[in-house]
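[1] the sequence and its predicted three-dimensional model are supplied below.
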Amino acid sequence: MLTARFDVRRPRDGDVNSWRIVAITRLTFVQGLYRLRLDTTTQYVAREFTVRSLDVQFTLHSGYVFQAISGEGVTGLVLLGRGEMQFAPTPPTEKGQLRIFSGSETLTALFGAAFIRMHPADFETRIDVSGLRPMPADPRQVKRAQDVFSVEAPKSFNIDLRDLSRETWYILPQSGDFLAEVRTNKFGTLTYSRSGGNAEDITLFDRARKRAIS
């Protein structure tokens, strides 16, 4: 995305409404920005579909999956249906914090919807889509998926360009990054975030209450 200054001048003896650009000066330049879109033409029927990251597993026992597309490929998923999140941190201190929150050193939470982000290259190598069956999208499920996408996607990996564009622009997660916004039945929306491949860079938190869980 480019911000530029245009110098314009009315041609000599030209029409009062005629202007010509005589110089262009680049002011700012931002690259690596993408528009995300939800693929609303195809939904995938899921049975025991599992997505894993370090210390966490998301299983959609039954439901539907929609893909979020960037210019580089699939970078996100919307999961709808009967899902289960299992979080089991490794460090003892994290286990202690989780015990304070949930009464156990592990967390199992049912969810009805989730939004997942990752780098497109990670999607290609880490997500097994062989168990997903494509089908034409149902308008009712499309609306549900769009509602989840429109609320959860802008929470992370986006750039505020309100002075330049009304659209929402995103950056891609780095390879190894992983983020999930999970609408659990018991705890509300929980956010799992992994930065790179380091165990100490894993967090589970509650955005609404601004509370770090682990």
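    Cool, the structure landed.
[2] can you give me the helices in the chain?
    Along the chain, counting by DSSP state H, helices occupy 92-102, 120-126, 139-152.
[3] and the chain, what are its domain boundaries?
    Per the record, the chain has its domains at 1-31, 34-212, by automatic domain parsing.
[4] out of those domains, which one sits most buried?
    Of those, the one with the most neighbours on average (mean count of other C-beta atoms under 10 Å) is domain 34-212, at a mean of 17. All C-beta atoms are positioned from the backbone trio N, CA, C, and that covers glycine.
[5] how about low-confidence regions in the protein?
    1-5, 7, 14, 16, 22-23, 25-32, 160-166, 197-200 (pLDDT under 70).
[6] what is the residue nearest the centre of it paired to in the beta sheet?
    Centroid check for the chain by C-alpha atoms, centre = their mean gives residue 117 as the closest residue, at 3.8 Å. Beta-bridge pairing for residue 117 (DSSP bridges): residue 76, residue 179.
[7] distance to residue 185 added to the helices of the chain, as TSV?
    Output for the helices of the chain, formatted as TSV (distance: least, C-beta to C-beta, whole Å):
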stretch	distance to residue 185
helix 92-102	14
helix 120-126	26
helix 139-152	15
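[8] so for residue 201, which of those sits nearest?
    helix 92-102 (11.8 Å; C-beta to C-beta).
[9] off-centre distance for the closest one?
    26 Å (C-alpha atoms, centre = their mean, to the nearest Å).
[10] repeat that for stretch 52-59.
    Counting by C-alpha atoms, centre = their mean, stretch 52-59 comes out at 16 Å from the chain centroid.
[11] residues making contact with that stretch?
    48-51, 79, 83-90, 111, 114, 116, 126, 178, 180, 182, 192, 194, 197, 199, 202, 204 (C-beta atoms under 8 Å, 6 or more residues apart in numbering).
[12] show me these that map onto strands.
    48-51, 79, 83-87, 111, 114, 116, 178, 180, 182, 192, 194, 202, 204 (DSSP state E).
[13] does residue 176 touch residue 122 like I think?
    Yes: under the criterion of C-beta atoms under 8 Å, residue 176 is in contact with residue 122, at a separation of 7.1 Å.
[14] residues making contact with stretch 172-179?
    Under C-beta under 8 Å, 6+ apart, the answer for stretch 172-179 is 32, 34, 53-54, 70, 72, 75, 116-122, 156-157, 191-197.
[15] returning to what we had before: contacts only, for the residue nearest to the centre of the chain.
    So residue 117 contacts 68, 75, 76, 153, 156, 157, 173, 177, 178, 179, 180 (C-beta under 8 Å, 6+ apart).
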